[in-house]
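K.L.:
structure of the sequence below:
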Amino acid sequence: MAITKILTLKDCGCGYSGKHLKRSIDYIMADAKTGLGHYVAGVNCQPDYAYEQMYATKQKFGKTDKRQGYHLIISFAEEEVDPETAFEIIGKFVERYLGTEYEAVYAMHDNTAHVHGHIIFNSVNCFTGKKYRYEKGDWAKSMQPLTNQLCEEYGLSTITIESGRRDANEHYKDWNDFRDGKFVWADMIKRDIDACVLQAYDYDNFISLMEQKGYEVKQNKYVAVKPPGMTRFRRLKSFGENYCEDAIRNRIVTESIKDYQREHSRRMQPRIVKVKYGKRYRRAKLTPMQKKYFAKLYRAGRLKKRPYSQAWKYRDEIKKMHHYHSQYMFLSKHQISSLEDLVTRCDELEEQRKFISKERSKCYKERAKFNHLFQIAEEMGKLMPAENSYNKGDSFFEEEHLSYQELQEQLAKEGYTYEEVVNLKEYYRSKAATIREQGQLVAKDLSIGKGIIAEMKQEVDERLNQKQQIKEKQVNKELEVKQPKR
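P.N.:
Next comes the predicted model:
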């Protein structure tokens, strides 16, 4: 199944209205989350310069203030879909929901247990200049139904969109999964709470900021929130001790954006370790081939002197600069000094790619042998809350307890316990993720290497053609001289 969530990106003010929009775009395009940029694409804009083009559209129609854009998140159930398929689904969602009238950038993140996609689009229509308007109820009318439709096309499960009242004949575990959506909402709600804590000047303002983000807030004995798309409230204290009311009141007073920036910069700041005794190495010299591509990169680097706000006008040149940079880094990384080295390295990368492909198939086949055990463990995991309640004396869950015992006996007959099956599933998930990451790196290097070979071949052909043309001109000139004058 997949669940959709929409967030608004508002005017930041302070002379930089698009700050939230720019940061959100940078966040969803992070290489570490998107398979080194493999799962990133754009509509009506270049992903690397999406913000600049969106801002240019806003300036064109004089709508640079107020709401800046929208952020859609589509989260899939754990291990129900692979990253490639998820990326296709997200792309089709953008195509069908937005069409071709808005500038949008979308990405798929594969760095968590459940893959999820992010879509950010401009609030201003790039053709008409009209602003997109999200109305209450659009989630149930158009967004989630479209996600369900795409899931059905790809053979995935869907969620039921209803009023939220539990049906008498509905199975407990299905209702619990739909109601709570723990695999989707928990991290998102915590991030929104942290953001509001940093922005709020007191507790009432914190509640107001949460409501502006679209949450319904209920303040009884315990503070609870409900984001768009959920049918039940979640108590803030359920997210941990830092999220109860007293802790939030204290955080509002003690925490600030400066503290966050200082802590973030401290963590990200590289450390220089001084070694008293150590071997010194001479600086590596560039080979002729590396010098050639470094020179191309240097010439393309002159674009940095042009105004940054005008960079979108030179997107072709900037694209070339990035292209040359990747080629130069490839040559330096593999210490390639000649065409022979380049061809040899490409052959080695091709062999690595085939080997990784075989390892991937082998891993999937091995994992498939245990699929029936994984399904049993998954059912037990869903029944675990009911089983715990039954063990504490709640006889209401006797039916779930009997089902849990039956599943436990099935695993015992196979010679496994629930914990062993969970560990086995995590082992294959981690192994598949490692193989996938290795395959992406090798495929990227192989693509760059083949591209360099093709460019060198094209340059050689152009030189031969030039020499042939010069030779033909010389021959024609000699013939003209030899011809007798009449």
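
K.L.:
quick check: the residue nearest the centre of the chain vs Glu88, distance?
P.N.:
The centre of the chain sits closest to His109, judged by CA atoms, centre = their mean, with a distance of 2.9 Å. Distance from His109 to Glu88, counting by CB to CB, to the nearest Å: 15 Å. The way it works is simple: take the backbone N, C-alpha and C, and place the C-beta from them, glycine included.

K.L.:
over to Tyr16?
P.N.:
35 Å.

K.L.:
so these two - more neighbours on which side?
P.N.:
For Tyr16 and Glu88, the more surrounded residue by other CB atoms under 10 Å is Glu88, and the numbers stand at 14 against 10.

K.L.:
show me what the helix or strand containing the more buried one is packed against.
P.N.:
Glu88 belongs to helix 83-98 when assigned by DSSP states H and E. Packed against helix 83-98 by the contact rule (3 or more CB pairs under 8 Å, 6 or more residues apart in numbering; DSSP states H and E) you find strand 40-43, strand 69-76, strand 104-109, strand 116-122, helix 144-153.

K.L.:
distance from the first one to the middle of the chain?
P.N.:
Right, the one you point to is strand 40-43. Here strand 40-43 is found 11 Å from its chain centre; the criterion is CA atoms, centre = their mean, to the nearest Å.

K.L.:
buried residues, the helix or strand that that strand is followed by. List them.
P.N.:
With elements assigned by DSSP H and E, the helix or strand that comes after strand 40-43 is helix 50-60. Within helix 50-60, the residues scored as buried using 16 or more other CB atoms under 10 Å are Ala50, Tyr51, Glu52, Gln53, Met54, Tyr55, Ala56, Thr57, Lys58.

K.L.:
which residues of the stretch 301-450 of the chain score low on pLDDT?
P.N.:
301-315, 318 (pLDDT under 70).

K.L.:
about what we covered before: how near is the residue nearest to the centre of the chain to Ser357?
P.N.:
The value you get for His109 to Ser357, if CB to CB is used, is 24 Å.

K.L.:
in terms of secondary structure, what does the helix or strand harbouring Asn465 contact?
P.N.:
Secondary structure assignment for Asn465, by DSSP H and E: helix 418-482. With contacts defined as 3+ CB pairs under 8 Å, 6+ apart, the packing partners of helix 418-482 are helix 315-333, helix 339-368, helix 371-391, helix 398-414.

K.L.:
okay, the angle between it and helix 83-98?
P.N.:
Relative orientation of helix 418-482 and helix 83-98, computed by axes from the mean of the first three to the mean of the last three CA atoms, to 10 degrees: 80 degrees.

K.L.:
show the contacting residues for Lys450.
P.N.:
Cys346 (CB atoms under 8 Å, 6 or more residues apart in numbering).

K.L.:
meant to ask about Leu411
P.N.:
Here Leu411 is in contact with Leu373, Ile376, Ala377, Met380, Thr417, Tyr418, Val421 (CB under 8 Å, 6+ apart).

K.L.:
buried subset of these?
P.N.:
Leu373, Ile376, Ala377, Met380, Tyr418, Val421.

K.L.:
among these, which one lies nearest to Ser123?
P.N.:
Proximity to Ser123 was ranked across the buried ones among the contacts of Leu411 by CB to CB; first place goes to Ala377, at 44.8 Å.

K.L.:
please name the nearest non-neighbouring residue to Tyr364.
P.N.:
Ala432 (7.3 Å; CB to CB, 6 or more residues apart in numbering).

K.L.:
gap between stretch 403-417 and the chain center?
P.N.:
38 Å.

K.L.:
re the thing from before, quick one, which of the helices and strands packed on helix 83-98 is nearest to Gln405?
P.N.:
strand 69-76 (31.1 Å).

K.L.:
give me the contacts around that closest one.
P.N.:
1-9, 21, 24, 54, 86, 89-90, 93, 114-123, 132, 134, 143, 147, 156, 183-184, 188.

K.L.:
and the helices in the stretch 101-250 of the chain, which stretches?
P.N.:
Ranges of helices in the stretch 101-250 of the chain, per DSSP state H, counting those that start in this stretch, are 138, 144-153, 172-180, 182-199, 203-212, 245-254.

K.L.:
with mean pLDDT, mean neighbour count and distance to Glu406 added, can I get those in CSV?
P.N.:
Below are these laid out as CSV (pLDDT from 0 to 100; neighbours: other CB atoms under 10 Å; distance: least, CB to CB, whole Å):
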stretch, mean pLDDT, mean neighbour count, distance to Glu406
helix 138, 84, 13, 43
helix 144-153, 89, 17, 30
helix 172-180, 42, 16, 14
helix 182-199, 74, 17, 25
helix 203-212, 86, 16, 43
helix 245-254, 86, 14, 42
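
K.L.:
mind putting those into TSV with distance to Arg367?
P.N.:
Formatted as TSV, the helices of the stretch 101-250 of the chain follow (distance: least, CB to CB, whole Å):
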stretch	distance to Arg367
helix 138	39
helix 144-153	23
helix 172-180	23
helix 182-199	20
helix 203-212	42
helix 245-254	42
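
K.L.:
nearest to Ala30, out of those helices?
P.N.:
helix 182-199 (14.8 Å).

K.L.:
list the helices and strands the closest one packs on?
P.N.:
Looks like helix 182-199 contacts strand 2-9, strand 69-76, helix 203-212, helix 245-254, helix 257-268 (3+ CB pairs under 8 Å, 6+ apart).

K.L.:
distance to Asn220 added to these, as TSV?
P.N.:
Listed next are the helices and strands packed on helix 182-199 as TSV, based on distance: least, CB to CB, whole Å:
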stretch	distance to Asn220
strand 2-9	25
strand 69-76	29
helix 203-212	13
helix 245-254	11
helix 257-268	30
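
K.L.:
so which of those comes closest to Ile452?
P.N.:
Of the helices and strands packed on helix 182-199, nearest to Ile452 by CB to CB is helix 257-268, at 32.9 Å.

K.L.:
so for the closest one, what's the average pLDDT?
P.N.:
Average pLDDT, helix 257-268: 58.

K.L.:
angle of the helix holding Asn465 against helix 371-391?
P.N.:
Going by the same axes, to 10 degrees, helix 418-482 makes 140 degrees with helix 371-391.

K.L.:
out of the helices of the stretch 101-250 of the chain, flag the one nearest Lys365.
P.N.:
Of the helices of the stretch 101-250 of the chain, nearest to Lys365 by CB to CB is helix 144-153, at 26.2 Å.

K.L.:
next one: the closest one to chain centre, how far?
P.N.:
20 Å.

K.L.:
what helices or strands is that helix leaning on?
P.N.:
strand 2-9, helix 83-98.

K.L.:
quick one: it to helix 83-98, angle?
P.N.:
Computed by the same axes, to 10 degrees, the angle between helix 144-153 and helix 83-98 is 140 degrees.

K.L.:
neighbouring contacts of helix 144-153?
P.N.:
So helix 144-153 is contacted by 1-4, 74, 89, 92-93, 96-97, 157-159, 161, 229 (CB under 8 Å, 6+ apart).

K.L.:
coming back round to it: could I get the helices and strands packed on helix 144-153 as TSV with mean pLDDT?
P.N.:
What follows is those, written out as TSV (pLDDT from 0 to 100):
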stretch	mean pLDDT
strand 2-9	85
helix 83-98	91
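
K.L.:
name the stretch among the ones you listed that sits most buried.
P.N.:
strand 2-9 (a mean of 22; mean count of other CB atoms under 10 Å).

K.L.:
closest to Lys221 out of the helices and strands packed on helix 182-199?
P.N.:
That would be helix 245-254 among the helices and strands packed on helix 182-199, by CB to CB, at 9.9 Å.

K.L.:
that'll do, ta.
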